[in-house]
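[1] when you get a sec, could you give me coordinates for this:
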Amino acid sequence: MPRLLADDEPPPFTVEREHGRSPFVLICDHAGRRIPRRLGTLGVPDAELQRHIAWDIGARGTASHMAAILDAVLIAQTYSRLVIDCNRPPGAPTSITPRSERTDIPGNRNLSAADAAARASEIFVPYHARITAELDRRRARAEPTVLISMHSFTPVFHDVARPWHVGMLYNRDARVAHVLLELIRSEGEWVVGDNEPYAVGDGTDYAIPVHGERRGLPHVEIEVRQDLIADEAGQREWAERLADWLVRARAIGNFG
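    Modelled structure (predicted):
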């Protein structure tokens, strides 16, 4: 199988606050927009690679500030979701997508099995193995753990404006999401989505079903609207707000 990443290219994930003492474990599946040198630009114009189709704008910065506030470990993915989406089951139609929204991705068309396997083995697998190792370590030490998956979403999708400031996503286990929804709504200031603008499912998501549900961990996927966290000030502001909500929700719900 051909090598995808050169020796001088970054690893597929970074870890912040590896020894953080918080019960919260933060992950960011679409943190980066780097493309391995061997793949060029995937045939996509640079302007398109700045957009949401390549990464979750503002999610990494917000998660990083949250990690610092909470003293929580953060595991963040380095490479663009266009190379391989680390929140999709391998082999799913959108795992290595040939088209994202209205943009064709020529470098993802007609991939050989070996090329697809290289993307999975060098990017997807190591990232999720690091999350697994962190959760295994915490379980072995009987440390309380609440899994938080950080994402962001576009203010407009296919010409339709999205009213939500933030969304709480879940699949079968809504214990964390429902406490957060009630808490945020009680403030009367924010439009918060209940499984909006997306919903978690086994066929469309990987991190929450595998790392959260299968382990029985309390968890939630948080989506923040990108115009709110597009710059450093917004990322800090929302990190403080989200960290406060998480701490208060855990106290109310007595989870983790």
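
[2] low-confidence regions, the stretch 151-256 of the chain specifically.
    By pLDDT under 70, the stretch 151-256 of the chain has no low-scoring segment.

[3] next, find the distance separating residue 244 from residue 77.
    26 Å (C-beta to C-beta, to the nearest Å). Heads up, the C-betas are built off the backbone N, CA and C, glycines and all.

[4] now do the strands in the stretch 151-256 of the chain.
    156-157, 160-161, 166-169, 192-194, 219-225 (DSSP state E, counting those that start in this stretch).

[5] most tightly surrounded among the ones you listed?
    strand 219-225 (a mean of 26; mean count of other C-beta atoms under 10 Å).

[6] now for that one, which elements pack on it?
    strand 146-153, strand 166-169, helix 175-186, helix 232-253 (3 or more C-beta pairs under 8 Å, 6 or more residues apart in numbering; DSSP states H and E).

[7] what residues are up against residue 70?
    20, 22, 24, 26, 243, 246-247 (C-beta atoms under 8 Å, 6 or more residues apart in numbering).

[8] recalculate using a threshold of 10 Å.
    Counting by C-beta atoms under 10 Å, 6 or more residues apart in numbering, residue 70 makes contact with 17, 20-24, 26, 148, 239, 242-244, 246-247.

[9] also residue 145?
    22-25, 134-135, 137-139, 212, 215, 217-219, 256.

[10] from these, which single one is nearest residue 35?
    Taking C-beta to C-beta as the measure, residue 134 is the one of these closest to residue 35, at 26.1 Å.

[11] surely that closest one and residue 215 touch.
    No: taking contacts as C-beta atoms under 10 Å, residue 134 lies outside contact range of residue 215: 11.6 Å.

[12] now do the shared contacts for these two.
    Listed as contacting both residue 134 and residue 215 by C-beta under 10 Å, 6+ apart are 145, 147.

[13] settle it for me: which of these two has more neighbours?
    Higher neighbour count among residue 134 and residue 215: residue 134, with 19 against 15, using other C-beta atoms under 10 Å.

[14] show me what the strand or helix carrying that one is packed up against.
    Assessed by DSSP states H and E, residue 134 sits inside helix 125-140. Applying 3 or more C-beta pairs under 10 Å, 6 or more residues apart in numbering; DSSP states H and E, one finds that helix 125-140 contacts strand 13-16, strand 24-28, strand 73-77, strand 146-153, helix 207.
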